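Trainee: Need the 3D shape of this:
(chains A and B)
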Protein chains: 2
Amino acid sequence: MPRELETIGFIGLGHMGKPMARNLLKAGYPLVAHNRSRAPVDELAREGAQPAYSPREVAERSTVVITMLPDGPDVSQVVEGRDGIIEAARRGLALVDMSTILPRTSLEIATHLREHGIAMLDAPVSGGPQGAEAGTLAIMVGGPRETFDQCRPILGAMGKAVVYMGDNGQGVMAKLCNQVACVLNLLGVSETLALARRANLDPGRLLEALRAGAASSWMLVNQGPKMIARDFAPGFLIRLQQKDLRLVMSAAEELGLPLPGTALVQQLFRALEASGEGELGTQALIKAIERLGAMPEAPD
Amino acid sequence: MPRELETIGFIGLGHMGKPMARNLLKAGYPLVAHNRSRAPVDELAREGAQPAYSPREVAERSTVVITMLPDGPDVSQVVEGRDGIIEAARRGLALVDMSTILPRTSLEIATHLREHGIAMLDAPVSGGPQGAEAGTLAIMVGGPRETFDQCRPILGAMGKAVVYMGDNGQGVMAKLCNQVACVLNLLGVSETLALARRANLDPGRLLEALRAGAASSWMLVNQGPKMIARDFAPGFLIRLQQKDLRLVMSAAEELGLPLPGTALVQQLFRALEASGEGELGTQALIKAIERLGAMPEAPD
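Mentor: Prediction:
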């Protein structure tokens, strides 16, 4: 039995959220949009979204609310703060939090919302702004299976791989695992290209060879060319990557698992932050390796 | 002007060399084969290769000699030792060394051979035994451009990406860069899947999500499933990976470049070697992480 299209509320229209919301509009969903700063709301309103002025108003006017926010405290504020989503609680409302936050925080918010009749999914994403724009994100989902089934078409308009991981919190846990592989792949590209530069290899030819073999990765293909071009614009901010790594190391500490490689990357990013470079894209990790070898900033 | 097909000599019929030589036979090249142990020579002879009993004999009976050997001393022995290739020196003979050895060693052998009229390429590969069998290796080549042009069709029968890197030694230097990315990607998969196991995530679903996003890599796709299945058979031996990492760290030391991530992986592999596990495949790296967290050997 075909359902009517859900009316979607979207809160958090940043580098990721805005292109994701746009893909929902393109897929034909009625969309109610809210953001702390006004500009992206006005931009989406010109493309057919209805503006809203608080999370509560978003929740009152939609059947599924999506949040895409920087960190756990932001999600807590939008859900449980003044004029928050929970004030519009009614049975049947669903919240899909696509932010990357601590699994424990996500689970606590989900438990709180359930007491008010709101079902929640944690559904963080991987694939960067380019994946968000192309609608090809990987989306890892935790929460009640029936809410996942309800929201799957919506998620499918934003991602190409929508994977149900299990109970509340397991989506964000999967995302933290994802970040571990991401940053170590990025370290691999950084050490590889720093070594190649020091050895006077042609970096373009090297990438051509490496992407065809066992060294290949999304990071090599997407971030390698930026490192070679000395293009350190974000992309994904070091500052936000560090937020994710704090979550990873906090979750790993609770689980009693040392992650020496991930910890090393965290420290190298910290060195870049210490140099005032936290607002660069994560591909600037190569600078941290180059500096260890006292290599000049500009290529030879 | 089409050339007659070269007669290829092939020395070193191990896990990589044998399937590579077989692809040359399949492509129609006359092949003279030699190996320290006899079994793989006999096996290829049944498929049409002509057996030879020394590197010198191989060189006497072929126009291009390929070597695929474990390390630099093996290549030196086969080239410069008793009954070595150099004893069959004549103008126009070419040596294509596809082993992974030190760039400096490769350059020294090339210089020595040139004095005897033999041109040499260093042309190491990436892609593992599966890439060798499928003929889809990445091949990084250093040496004289005209020798590269002469040998390119031969290399094309073994690999899908044949990339000219520059002078003698630059092919193996590129391969060392390749190994840096490989082992750090492998560490990424290891820390990711150890964390996932500790957090009781479904590892198959996690891989499905991760391979669709920014965490994806050849290692994730090819080694991740083996880690999950606790299949630690080689593949690529830890002992040989450590040989490569010694070359990487030696080259990086000469160049004055610290590689903290690569060094960490080297130490983790050393812990596995200390446990008598150097003959396992490199995907056993996950065991080193799990042991740091006192996780049991068998999955829960």
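Trainee: CA atoms for contacts and neighbours, from now on please.
Mentor: Noted.
Trainee: so where is chain A shaky, pLDDT-wise?
Mentor: Counting by pLDDT under 70, the low-confidence segments of chain A come to A:1-3, A:299-300.
Trainee: could you redo the last one with a cut-off of 50?
Mentor: A:1-2 (pLDDT under 50).
Trainee: Point me to the residue of it nearest chain B.
Mentor: A:Ser217 (3.8 Å; Cα to the nearest Cα).
Trainee: Domain-wise, how is chain A divided?
Mentor: Using automatic domain parsing, the domain parsing of chain A gives A:8-166, A:174-292.
Trainee: returning to that earlier point: just give the nearest non-adjacent residue to the residue of chain A closest to chain B, would you?
Mentor: Closest residue in space to A:Ser217, ignoring its immediate chain neighbours: B:Ser217 at 3.8 Å, by Cα to Cα, 6 or more residues apart in numbering or on different chains.
Trainee: quick one on the thing from earlier: report how many residues lie close to the residue of chain A closest to chain B.
Mentor: When counting by other Cα atoms under 10 Å in any protein chain shown, one arrives at 31 neighbours for A:Ser217.
Trainee: any idea how far A:Arg205 is from it?
Mentor: Separation of A:Ser217 from A:Arg205 (Cα to Cα, to the nearest Å) stands at 16 Å.
Trainee: Kindly tell me how buried A:Glu87 is, as a neighbour count.
Mentor: Count around A:Glu87 with other Cα under 10 Å applied: 17.
Trainee: Can you classify A:Ile66 as helix, strand or coil?
Mentor: Of the three states, A:Ile66 takes strand under DSSP: H, G, I helix; E, B strand; the rest coil.
Trainee: ignore the last one, A:Ala33
Mentor: Going by three-state DSSP: A:Ala33 is strand.
Trainee: With B:Ser190 as the reference, measure out to the residue of chain A closest to chain B.
Mentor: Taking Cα to Cα, one finds A:Ser217 at 15 Å from B:Ser190.
Trainee: A:Glu133 too?
Mentor: Distance from A:Glu133 to B:Ser190, by Cα to Cα: 30 Å.
Trainee: These two - which one has more neighbours?
Mentor: Taking neighbours as other Cα under 10 Å, A:Glu133 and B:Ser190 compare with B:Ser190 leading, 29 against 21.
Trainee: quick one: A:Leu285 is in a strand?
Mentor: No. A:Leu285 is assigned helix when assessed by three-state DSSP, not a strand.
Trainee: Would you confirm that it contacts A:Val189?
Mentor: No. A:Leu285 is not in contact with A:Val189 according to Cα atoms under 8 Å; the separation is 9.2 Å.
Trainee: Look at these two and report which has more neighbours.
Mentor: The residue with more neighbours, out of A:Leu285 and A:Val189, is A:Val189; 32 against 24, by other Cα under 10 Å.
Trainee: Check the contact between the more buried one and B:Ala181; I expect there is one.
Mentor: Yes. Taking contacts as Cα under 8 Å, A:Val189 lies within contact range of B:Ala181: 5.8 Å.
Trainee: if we can go back for a sec, surely the residue of chain A closest to chain B touches B:Asn222?
Mentor: No. With contact defined as Cα under 8 Å, A:Ser217 does not reach B:Asn222; the gap is 11.8 Å.
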